[in-house]
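>>> Provided below are the primary sequence and the corresponding predicted coordinates.
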Amino acid sequence: MVDELAEEGLDLDLIGKELDAELDPFDLVCHVAFGAKPLTRKERANNVRKRDIFNQHGDKARAVLDALLDKYADEGVLNLDDSNILQINPFSHMVTPIELMRAFGKKADYQQAIHDLQKALYEESA
């Protein structure tokens with residue numbers, strides 16, 4: 001969607017800078033198009049942490065999910081489901097990407113946890 005809007009001449013990064021906020025593209029579009037109150041990426045990440053939805057995972061898996069939330073909050077990473085993200089900071093200082101995925105069990109378990117993380121970012125807080 002972000003690419004399609006850019007092709008139509010709507011630069012979300014430029015609009016975000018004009019609003020002087022670190023907004024997720026979803027919040028930016030909802031704010032501009034519908035007047036919805038936007039949440040910053042940091043607010044979205046903190047909402048996920050408050051709900052503690054990843055307590056079924058072990059310590060190493062939770063550390064990976066927490067680092068992904070930090071990366072999302074700081075940089076607005078949109079491709080959390082791309083396993084190549086495990087090859088860059090801070091993950092590259094932990095262990096190998098394969099070992100990080102194994103912390104979740106199988107690769108499918110890792111992918112499900114990432115899907116759950118992305119879903120949780122956009123759920124309404126209670």
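Cool, the structure landed.
>>> can I see the domain layout of this protein?
2-34, 41-121 (automatic domain parsing).
>>> ranking these by mean pLDDT, which is last?
Mean pLDDT values for the domains of the chain show the minimum at domain 2-34, a mean of 74.
>>> quick one on the thing from earlier: how about CSV for the domains of the chain, with mean neighbour count added?
The C-beta positions use only the backbone N, C-alpha and C, and glycine is treated the same way. Shown next, in CSV, are the domains of the chain (neighbours: other C-beta atoms under 10 Å):
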stretch, mean neighbour count
domain 2-34, 14
domain 41-121, 16
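>>> from residue 96, how far out is residue 88?
For residue 88, the distance to residue 96 equals 13 Å [C-beta to C-beta, to the nearest Å].
>>> and for residue 51?
Per C-beta to C-beta, residue 51 is found 30 Å from residue 96.
>>> just the C-alphas of the longest helix seen in the chain, formatted as CSV.
When the chain is parsed with DSSP state H, its longest helix is helix 59-75. Provided in CSV are the C-alpha atoms of helix 59-75 (Å, rounded to 0.1, in the frame of the first residue of the first chain):
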residue,chain,number,x,y,z
ASP,A,59,13.5,-16.0,27.4
LYS,A,60,15.5,-16.0,24.1
ALA,A,61,12.4,-15.8,21.9
ARG,A,62,11.0,-13.0,24.0
ALA,A,63,14.3,-11.1,23.7
VAL,A,64,14.0,-11.4,19.9
LEU,A,65,10.4,-10.2,19.9
ASP,A,66,11.3,-7.3,22.3
ALA,A,67,14.2,-6.3,20.0
LEU,A,68,11.8,-6.4,17.0
LEU,A,69,9.4,-4.1,18.9
ASP,A,70,12.3,-1.7,19.6
LYS,A,71,13.4,-1.8,15.9
TYR,A,72,9.8,-1.1,14.9
ALA,A,73,9.5,1.8,17.4
ASP,A,74,12.8,3.3,16.5
GLU,A,75,13.0,2.8,12.7
